[in-house]
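Test case, fold it:
(one chain, ligands or ions: 1)
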Amino acid sequence: SDHQLDYPSCPENMDWSNHYPFHKDHKIEFADIGCGYGGLLIALSTLFPSTLMMGMEIRTKVEDYVYERIKALRTQHSETNGYQNVSIMRMNAMKFLPNFFEKSQLSKIFFLFPDPHFKQRKHKARIISPTLLAEYAYVLKVGGILYTITDVKDLHLWMVKHLNNHPLFEKISDEECEIDPVVPHVRTATEEGKKVARNQGDKYLACYRRVEDPLSI
Ligand code: SAM
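Numbers count the residues shown, from 1 in each chain. Have a look, this model is predicted:
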């Protein structure tokens, strides 16, 4: 539950300096929603060394684990200031995301192997929904990319349906996905992705570009 979580009243009131002590400007560009054990952040950290990334996770124990993992990597790579661009925070991403990020702040937002919530009556707990897509569109800049991947076909179809119906997202073709350097990591870098691979499960990928509001052009 998230009843004891604190939220900033607006992004300007959020102090990120503890998260990224080596950076003066704390403009986060990538958000990994429900990041779990942090495999994607760790993989992307060295691929985009000057981009700030944040993992957002609701479970305290998982946050603690990722915090320690990043701390250890920072210590090991202190000579090169490695892993100073990634961090983790505990929050409920279904609430108040726009309190943390300004409009158009993010260039990438990730939903990797989100909880499926199989039962019909639990579908409203899914992390992709029309209401939440409006928030994700708000924090993503035009041209920014929303990545989803899951091993649950029903959830994949659900996410694609809602994203296809949303006027501010446009599906990226398979061909274009395959040349995105981030996509191999989306498939394989996270702990859940590795588990699915071990069990020889399917992985359904869907990536969307944030487009200009058709009503404003
Ligand atoms: N993305 C990771 C991976 O691929 O290994 C983790 C996948 S795991 C199945 C889903 C994660 O989402 C869990 O760690 C869970 O705690 C987190 N989560 C679920 N609801 C959330 C919410 N509302 N806000 C933030 N994190 C959430």
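
just checking, what packs against the helix or strand of the chain with the lowest mean pLDDT?
The least trusted helix or strand in the chain, going by mean pLDDT, DSSP states H and E, turns out to be helix 97-100, with a mean of 94. Judged by 3 or more C-beta pairs under 8 Å, 6 or more residues apart in numbering; DSSP states H and E, the packing partners of helix 97-100 are helix 130-139. (Each C-beta comes from the backbone N, C-alpha and C, glycine too.)

For the least confident helix or strand of the chain, report the contacting residues that lie outside it.
Identification of contacts with helix 97-100 by C-beta atoms under 8 Å, 6 or more residues apart in numbering yields 7-11, 14, 91, 135-136, 138-139.

I'd like the next helix or strand past whichever strand or helix holds C177.
Using DSSP states H and E, the element containing C177 is helix 174-178. As assigned by DSSP H and E, the chain's next helix or strand after helix 174-178 is helix 183-188.

buried set for that following helix?
By 16 or more other C-beta atoms under 10 Å, the buried positions in helix 183-188 come out as 183, 185-186.

Centre-most residue in the protein?
For the chain, the residue nearest the mean C-alpha position is D32 (2.1 Å; C-alpha atoms, centre = their mean).

contacting residues around that one?
40-41, 53-56, 110, 112.

So which of those residues reach the ligand?
For the ligand, the contacts drawn from the contacts of D32 by C-beta under 6 Å from any ligand atom are 56, 112.

So which of the contacts of D32 are in strands?
Judged by DSSP state E, strands contain the following of the contacts of D32: 53-56, 110, 112.
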